[in-house]
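**Q** Quick one: sequence plus predicted model below, questions after.
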Protein chains: 2
Amino acid sequence: MPKISDKGNQMPPSPIRKLVPYAEAAKKRGVTIFHLNIGQPDIHTPEVMLNAIRNVDLKVVEYSHSAGIESYRKKLAGYYQRNRIMVDWQDIIITTGGSEAIEIGMMACLNPGDEIIVPEPYYANYNGFSTQANVQVKPIPSSIETGFALPPISEFEKAITPKTKAILICNPSNPTGYLYTREELETLKQIVLKHDLFLFADEVYREFCYDGREYVSVMHLSDLDQHVVLMDSISKRYSACGARIGALVSKNKDVMAAALKFAQARLSPPTFGQIAAEAAIDTPQAYFDEVIQEYAARRDYVVEALNKIEGVFCPKPSGAFYCMAQLPVDDADRFCQWLLESFEYRQQTVMLAPASGFYSEPERGKQQVRIAYVLKLESLKNAMECLEEALKVYPGKTSSASIRQSPLTA
Amino acid sequence: MPKISDKGNQMPPSPIRKLVPYAEAAKKRGVTIFHLNIGQPDIHTPEVMLNAIRNVDLKVVEYSHSAGIESYRKKLAGYYQRNRIMVDWQDIIITTGGSEAIEIGMMACLNPGDEIIVPEPYYANYNGFSTQANVQVKPIPSSIETGFALPPISEFEKAITPKTKAILICNPSNPTGYLYTREELETLKQIVLKHDLFLFADEVYREFCYDGREYVSVMHLSDLDQHVVLMDSISKRYSACGARIGALVSKNKDVMAAALKFAQARLSPPTFGQIAAEAAIDTPQAYFDEVIQEYAARRDYVVEALNKIEGVFCPKPSGAFYCMAQLPVDDADRFCQWLLESFEYRQQTVMLAPASGFYSEPERGKQQVRIAYVLKLESLKNAMECLEEALKVYPGKTSSASIRQSPLTA
């Protein structure tokens, strides 16, 4: 029997999805599960998108151009320009979700063995995409005590080697919800220019900034045209994760020419999704105003509820729809599995994403979980109640004191 | 300015799509182009699929399971079973087109530096996917004189090295239209078992077999469960290329477990496409009967018309909707570009895929083109007329005698 590849063995399972079989078993036992493990919002997809799909009048569902439907790329360029991201439609390649934008961006820019610096904790699938590309992630630890602010520039300087080729940030951040300030991004810019690196920016949560905080794109910075590769997606913006439409955006012509070859190999992004995405650009501002207000209220509730639970600590994020919480547990992976396998409260339980998968060394996230506040307030209240009750009876509970002193959070 | 990756440089441009800018320029000059360069049929997508899309009643366009929507996987297993491919729904991972099935299959099974044997000429994007996976394609030349039959087993034995890990076939074949006989597949089986290899089979043209010829899947062969990885797609079956729905199918549990991790990293296949694909399984047999009849008529016409042109040779294929033709030209790449840039006949021209990209060494396909007979007969007639006229005036024309004697076809 032939053996699978090393990469197939090394590929990390998704921390967001690896517990799915336990959740399925719990559901079969009649337990209601609050899914806070995954950024799958319950927010309705804009009607304008769904109507575009319902009105599809194609006779043949054809391939599109490998870079995407031209009319969509042009409208999308307008969307970026309204966000002061001054790109032309030819600086855009439509991808199959943000995932493919990251995959293609890595393949186009990085050689096997190259190193990519990523502030940690980071979106778990960066580990997967790096494994696929045979690229080495070099984490720069950010800390829960500072709310996961950008680590000092000295930490970046220490991490840079001759193999360093890029820095990757997610802003606003999944999983931490941290929103970089202009000053932090200017700091990054100096490092990028000094060491002639690519700056990959995953900005799929652009719309989700709270408390009147300003969103700054890496594309708002000057002098970085040849360095910046933007990875984007409509999944979160329009609560349309299943459409699988994203974009790779760069003004670096070499990057775009290489990216197009990868895009040609896979033929085209999904046609139905592009039709919906093009229509989505006409989503009225009122939709976003309502959604942002809703998420801010959810965040306020969840963060307050978490910090009220004994031994739990959760910094208040300014963006995206995630927060990271430190829990008084021996092992968050074990705890999250236990929540699904062995716990229920009023026939309900909660599914969380253990943070180990969001770190390059799982140990660092051993007592943390990522919580996606993507459900309506009533569900979040039930979910937080479940969590509080669970922490009272979980056999692997640790004292809150030991957590506060944990070197993991130092 | 940071440099792009070696892979970004090495990645081959698509021979099917690289001439698109010339086609766009010709269209702007008012020239009608018959697109025989790409397997994008004009056949209507089944109504049952389009109706499913028009009736979408989702409130939220959610991610699906990473392996695809369960109800679709179950119905798809039924489709395979009706084709005597005895797989369970859990042997199936839904992918974003056949392209992603090949990408994931390669990543799950092959290490960088591994060799994969592919009868040549082969689907051009195998070069791209191999470059992505850092895998080496080892071609076994098949010849236009034999209609591209499977090369003798001795050729495979010669090509096998300690690094050989898989054989990849496309059956019925893109680009040659060749349909492997059961005997040929049994021969492959012996090689696969003897050398403990994976057998990758791209069978996306399963439905397109002519002249009453029997379609044999590698999954019809016994004793190969641990070796066979099927790469499939609905693109051609239902003329739904833009839906971007394919499947990776294998009974090898290790392969499927690894493949699922790659599938999880990219989250999920497109939801709209899956909805359409699930509905497609109810497409009535009458649809296929009509389509096959139509393609057979197109093939008969094109092959006959080609062979009537002086200096042109085209074997008659038994499957898929492509044929490979030998042309009396100095360089098919140059000729195909010239057709778009410098030629028109009654304000019309034809776009073909130069065969160089379907060979591991472009030189071998220098005088061949792939023709996709995916347009209605009237368009095909006009296209063949254009080709005949073009060959009369093309400055790089060679004599037919020199072609027949060409070592390239020996």
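**A** Nice, thanks for sending it over. None of the values given here were measured: they were computed from a predicted structure. Residues are numbered from 1 along each chain as shown, chains lettered A, B, ... in the order given.
**Q** Can you classify A:Glu294 as helix, strand or coil?
**A** Assigned by DSSP: H, G, I helix; E, B strand; the rest coil, the conformation of A:Glu294 is helix.
**Q** need the helices for the stretch 251-400 of chain A, in chain order.
**A** Under the criterion DSSP state H, counting those that start in this stretch, the stretch 251-400 of chain A contains helices at A:253-265, A:271-280, A:285-308, A:332-341, A:377-393, A:400-404.
**Q** of all those helices, which gets the most neighbours per residue?
**A** Burial of the helices of the stretch 251-400 of chain A is given as mean neighbour count (mean count of other C-beta atoms under 10 Å in any protein chain shown); helix A:271-280 ranks first at a mean of 26. C-beta coordinates here come from the backbone N, C-alpha and C atoms, glycine included.
**Q** tell me the contacts of A:Ile292?
**A** Shown in contact with A:Ile292 (C-beta atoms under 8 Å, 6 or more residues apart in numbering or on different chains): A:Glu207, A:Phe208, A:Cys209, A:Tyr210.
**Q** got the helices of the stretch 251-400 of chain A as CSV, with mean pLDDT columns?
**A** Below are the helices of the stretch 251-400 of chain A laid out as CSV (pLDDT from 0 to 100):
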stretch, mean pLDDT
helix A:253-265, 97
helix A:271-280, 98
helix A:285-308, 97
helix A:332-341, 97
helix A:377-393, 98
helix A:400-404, 47
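**Q** mind checking which of these is nearest B:Val393?
**A** Nearest to B:Val393 among these is helix A:253-265; the distance by C-beta to C-beta comes to 30.6 Å.
**Q** Tell me who's in contact with A:Asp282.
**A** A:Val48.
**Q** Can you give me the pLDDT of it?
**A** For A:Asp282, the pLDDT comes out at 95.
**Q** Tell me the spacing between it and chain B.
**A** 16 Å (C-beta to the nearest C-beta, to the nearest Å).
**Q** so how far is A:Val48 from that residue?
**A** 5 Å (C-beta to C-beta, to the nearest Å).
**Q** Which residue, neighbours along the chain excluded, lies closest to the residue most central in space within chain A?
**A** Nearest to the mean C-alpha position of chain A, by C-alpha atoms, centre = their mean, lies A:Asn174 at 3.9 Å. Distance criterion C-beta to C-beta, 6 or more residues apart in numbering or on different chains; nearest residue to A:Asn174, sequence neighbours excluded, is A:Tyr123 at 4.8 Å.
**Q** is it true that the one you found touches A:Asn171?
**A** No. If you go by C-beta atoms under 8 Å, A:Tyr123 and A:Asn171 don't touch, sitting 11.3 Å apart.
**Q** Minimum distance to B:Thr271: which of the helices of the stretch 251-400 of chain A has it?
**A** helix A:271-280 (8.3 Å).
**Q** Dump that closest one to PDB, keeping only the CA atoms.
**A** Presented in PDB, the C-alpha positions along helix A:271-280 are these (Å, rounded to 0.1, in the frame of the first residue of the first chain):
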ATOM      1  CA  THR A 271     -19.500  31.900 -11.200                       C
ATOM      2  CA  PHE A 272     -22.600  31.900  -8.900                       C
ATOM      3  CA  GLY A 273     -20.500  33.300  -6.000                       C
ATOM      4  CA  GLN A 274     -19.200  36.100  -8.300                       C
ATOM      5  CA  ILE A 275     -22.700  37.000  -9.400                       C
ATOM      6  CA  ALA A 276     -23.800  37.300  -5.800                       C
ATOM      7  CA  ALA A 277     -20.600  39.200  -4.900                       C
ATOM      8  CA  GLU A 278     -21.000  41.700  -7.700                       C
ATOM      9  CA  ALA A 279     -24.600  42.400  -6.500                       C
ATOM     10  CA  ALA A 280     -23.300  42.600  -2.900                       C
END
